[in-house]
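**Q** A structural model of the following input is requested.
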Amino acid sequence: MKFRGVISEATALRDFMNIGVGITKLSKHCIIRITSSKVFFIASEDDSGTTHPYIWCVLPVNYYFREFEFAGMTEEQNEIYLEFASEHFAQALSTLKQNGKLLKIKLANKQMPCLSFIIEQVTEDSILSRECVHDIPIDVISRKHWSDYKEPEFIDFHVSIHLPNLKSIKKIVDRMKNVNNSLVVMANKTGRLTLKVKSDTVTVSAHFTDLMIESFDVGSMATVMDDTQYEYISATIDARKFMHFLTGMQLTNCRTKCSIVQSQMVKLHIEQTSAVSVECFLMEYNS
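**A** Here you go, the predicted structure:
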């Protein structure tokens, strides 16, 4: 087993740091899956084990790494699965904020298996440089457990709708969660997205119109009419988890899509072509 990678391009360094730190805010532990062409970050909800992936993030190797050396478990099982504490990973990546210009990551054994983060920093006058090394303890996941971290297979969504600017949604959800943690996400085939919370005394709704609909399939499913008299698809999710995702994913120039399975789940998908794909799975919330 071998892994060594070097990231030096400024945009790739910034994106890798933002993605990594963002994901670590969403779960106490994280899985990194390494293949010859892609690096995956996988996180589960802290109280669900491995059966319900919360975050599924895919990074193409050729976008981020200037140098990349890799050999998996075997030629036939050419992958590596590692688990680590999120806070250690975040601490290592945060060092890049201090004039970091190059990041080396390698699999090492220093009395215990670890991922070594070697960060080259420059002084403000760019004359001198120094290296900062973080060794993150890891657990190597055996082949028999790889299936616990397989890609989620939620494909039969009843609606998929593109989202407006996430900053505007973040401000609204931040206020809504103070009314109730149960957030109803609903969309109809005209491109109308509604976020709604209610308490014993008040109902608050936010409406976004003229959004792009990628698919809408009602079929024989029982649906309800919204106030525009169109059928809508909806699911109720935990507003706090939605807010954690919006806060953690500080990405720019990305397309964001929301897909809903009626009364079961909401999937949020952030994608920048050839650079990153992040999916967040929010299951039906029962308060």
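
**Q** ok, and the helix or strand in the protein with the lowest average confidence?
**A** Using mean pLDDT, DSSP states H and E, the weakest-scoring helix or strand in the chain turns out to be strand 224-225, at a mean of 59.

**Q** next SSE downstream of that strand?
**A** Downstream of strand 224-225, the next assigned helix or strand under DSSP states H and E is strand 231-238.

**Q** stretch 129-141: how far from the chain's middle?
**A** 22 Å (C-alpha atoms, centre = their mean, to the nearest Å).

**Q** what does that stretch rub up against?
**A** 1, 31, 80-85, 88-89, 91-92, 95, 101, 108, 110, 112-123, 149 (C-beta atoms under 8 Å, 6 or more residues apart in numbering). Bear in mind the C-beta positions are built from the backbone N, C-alpha and C, glycine included.

**Q** residues of it that come out buried?
**A** Across stretch 129-141, burial judged by 16 or more other C-beta atoms under 10 Å covers 134-136, 138, 141.

**Q** now these as TSV including distance to T194 and secondary structure?
**A** Below are the buried residues of stretch 129-141 laid out as TSV (distance: C-beta to C-beta, whole Å; DSSP: H, G, I helix; E, B strand; the rest coil):
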residue	distance to T194	secondary structure
H134	44	strand
D135	48	strand
I136	42	strand
I138	43	coil
I141	41	coil
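
**Q** shaky segments in the stretch 1-150 of the chain?
**A** 46-52, 124-126 (pLDDT under 70).

**Q** ok, which stretches of the stretch 151-287 of the chain are helices?
**A** 166-176, 239-248 (DSSP state H, counting those that start in this stretch).

**Q** need the contact partners of stretch 100-114.
**A** Defining contact as C-beta under 8 Å, 6+ apart, one finds that stretch 100-114 is touched by 1-8, 10, 13, 16, 80, 82, 96, 115-122, 129, 135-140.

**Q** buried ones only from those, please, as a ChimeraX command.
**A** Filtering the contacts of stretch 100-114 down to the buried ones (16+ other C-beta under 10 Å) takes a single ChimeraX command:
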select :3,5,6,7,13,16,80,82,96,115,116,117,118,119,120,121,135,136,138
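
**Q** what about the contacts of stretch 100-114, which are in helices?
**A** Among the contacts of stretch 100-114, DSSP state H puts 10, 13, 16 in helices.
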